[in-house]
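# Sharing a model that was predicted from the sequence below.
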Amino acid sequence: MFTLHIQNEIASFSAWTNAFDRYDKARRDHGVLAYRITQPVDDEHLVYIELDFATREDATGFVALLERIWQTPLSQGVSATHTAPELREVRVQQQLVVA
C-alpha cells in the first residue's frame, strides 16, 4: 500500500472540510482506498491528510489531480498553504484489538 502525505495550513477546519468533501467522488474515481485527516492538538490551523492507494502508480497519478484541485478558487479560499505530497510506502500495518 502507498500513502500520499500532505500538510495544509488552513483558517477554518469546517470550511476546509466542506471543500475537501466536495472531492469525494474524485478520490473514489482515482484510486483512493482510504484517507485519514489529523490535526495537532495544539494547532487548529494545520491539517495532515493521508490518502491510501493500492499501487505506487495510482498514488503518483493522483498528484496531477491534486495540483488541479489546488488551483481552484474553492481550494485557494480554504487553504493558505500546502506541502507537496510526500509518497510513502506502508511497510507494516497492524490493527490491535483490545479484549
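Yep, it's here. Residues are numbered from 1 along each chain as shown.
# Check whether Val47 really touches Ser12, as I assumed.
No: taking C-beta atoms under 8 Å as the definition, Val47 is not a contact partner of Ser12, at 10.7 Å. Bear in mind the C-beta positions are built from the backbone N, C-alpha and C, glycine included.
# Which strand or helix spans the residue nearest the centre of the chain?
Closest residue to the average C-alpha location of the chain: Ile49 at 3.4 Å, with C-alpha atoms, centre = their mean. Here Ile49, judged by DSSP states H and E, is contained in strand 46-53.
# helices or strands next to that strand in the packing?
When contacts are defined as 3 or more C-beta pairs under 8 Å, 6 or more residues apart in numbering; DSSP states H and E, strand 46-53 sits against strand 2-10, helix 13-21, strand 34-38, helix 56-70.
# so which of the ones you listed is the most packed in?
strand 2-10 (a mean of 19; mean count of other C-beta atoms under 10 Å).
# that older thread, average model confidence for the strand holding Ile49?
For strand 46-53, mean pLDDT rounds to 96.
# ditto for stretch 70-90
The model assigns stretch 70-90 a mean pLDDT of 81.
# Give me the buried positions along that stretch.
Ser75, Val78, Ser79, His82, Pro85 (16 or more other C-beta atoms under 10 Å).
# Can you show me the CA trace of it as CSV?
The C-alpha atoms that make up stretch 70-90 are tabulated as CSV, following Å, rounded to 0.1, in the frame of the first residue of the first chain:
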residue,chain,number,x,y,z
TRP,A,70,-5.3,23.3,-5.6
GLN,A,71,-5.7,25.8,-8.4
THR,A,72,-9.5,26.1,-7.9
PRO,A,73,-10.9,29.1,-6.2
LEU,A,74,-12.6,26.8,-3.7
SER,A,75,-9.4,25.2,-2.6
GLN,A,76,-7.5,28.5,-2.6
GLY,A,77,-10.2,30.0,-0.4
VAL,A,78,-9.8,27.5,2.4
SER,A,79,-6.1,26.5,2.3
ALA,A,80,-3.4,29.1,2.9
THR,A,81,-0.6,26.8,2.0
HIS,A,82,0.1,23.1,1.4
THR,A,83,3.1,20.9,1.2
ALA,A,84,4.0,18.9,-1.9
PRO,A,85,2.6,15.4,-1.5
GLU,A,86,5.1,13.0,0.0
LEU,A,87,4.8,9.4,-1.3
ARG,A,88,5.2,6.9,1.5
GLU,A,89,5.1,3.1,1.3
VAL,A,90,3.3,1.3,4.1
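# Please consider this matter closed, and thank you.
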